[in-house]
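Participant: any chance you can model this:
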Amino acid sequence: MTDTTSQASGLSGNVLFYTQPEPISIEAHGKLGVTPADKPYAFVAQTNIVPLTVTEFAPAALSYPIIFVGDLKQPVVAMGLRQNDNLFIDNGDFRADAYIPAYIRRYPFVFANDSKAGQSILCVDRNAAFFAEKDPELPFFDEKGEPTEYTQNCLTFCNNYEMERQKTQSFVQLLKALDLFESKESFYTPVNEDGTPGEPQKLADYFGVSEE
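Facilitator: Have a look, this model is predicted:
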């Protein structure tokens, strides 16, 4: 666990879903924790793409298209046709048949880079809907000031995710080295009021792996 006073100024980076990440510590979070929400995945409803690790490709492909975006060729799952439109979230929860990416399952925990110390530290999003300021069902620390089993499990999950993220970066570099990426475009054809096809609209530019 970490000391917020010594590390807060060294944190850097912006991460999808996290609006107020804080280094978790006994001083700042000793009596805090989380309480499971009735709509646990409501925070995903306004997002149509979510990062994916390479080891998740097989299960995720049963639910979503997998594409690569940006200069870094980040692999993501496409959960909707338009920005801020997620077709797999129903009333704050995932559709029962949909795979839930590890990127989402680790929330509200995340690693952040401490540029001064040159290391990653565990943070928690203070703005998470299920963050509990009083009588949390799952506290971060026990009466002795030690991380609870819940916090330890979340730390382990984040560690494992970080290793998978690094494997994914290596996988993408291999695809680049083999020149397997090709530019692709996605279009949507709306239907006019009279039932005839409308003018095709471009939804996105992205990268895919060459089938050839």
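
Participant: can you find the helix or strand of this protein with the lowest average pLDDT?
Facilitator: Of all regular secondary-structure elements in the chain, judged by mean pLDDT, DSSP states H and E, the least confident is helix 4-7 with a mean of 30.

Participant: how many other residues sit next to T168?
Facilitator: The burial count assigned to T168 is 19, neighbours taken as other C-beta atoms under 10 Å. Yep, even glycine has a C-beta here, placed from its N, CA and C like the rest.

Participant: quick one: buried residues of the one helix or strand it maps to?
Facilitator: Element membership of T168 [criterion: DSSP states H and E] is helix 149-177. Burial within helix 149-177, assessed by neighbour count using 16 or more other C-beta atoms under 10 Å, is assigned to 150-151, 154-155, 158, 161, 164, 168-169, 171-172, 175.

Participant: and the helix or strand following it, what does it pack onto?
Facilitator: Using DSSP H and E, the next helix or strand after helix 149-177 towards the C-terminus is strand 181-188. For strand 181-188, the helices and strands in contact under the criterion 3 or more C-beta pairs under 8 Å, 6 or more residues apart in numbering; DSSP states H and E are strand 201-209.

Participant: the strand it packs on to strand 181-188, inter-axis angle?
Facilitator: Interaxial angle, strand 201-209 versus strand 181-188 (axes from the mean of the first three to the mean of the last three C-alpha atoms, to 10 degrees): 150 degrees.

Participant: now strand 201-209 against helix 149-177, angle please.
Facilitator: Between the axes of strand 201-209 and helix 149-177, defined by the same axes, to 10 degrees, the angle is 80 degrees.

Participant: what's the average pLDDT for strand 201-209?
Facilitator: Per-residue pLDDT over strand 201-209 has a mean of 84.

Participant: what about the helices in the chain?
Facilitator: For the chain, the helices defined by DSSP state H occupy 4-7, 26-29, 57-60, 102-105, 149-177.

Participant: residues contacting the one residue sitting closest to the centre of the chain?
Facilitator: Geometric centre of the chain, nearest residue: Y103, 3.4 Å, by C-alpha atoms, centre = their mean. Contacts of Y103 were listed using C-beta atoms under 8 Å, 6 or more residues apart in numbering, and they are 16, 50-53, 161.

Participant: would CSV of these with pLDDT be doable?
Facilitator: What follows is the contacts of Y103, written out as CSV (pLDDT from 0 to 100):
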residue, pLDDT
L16, 91
V50, 96
P51, 96
L52, 97
T53, 97
Y161, 95
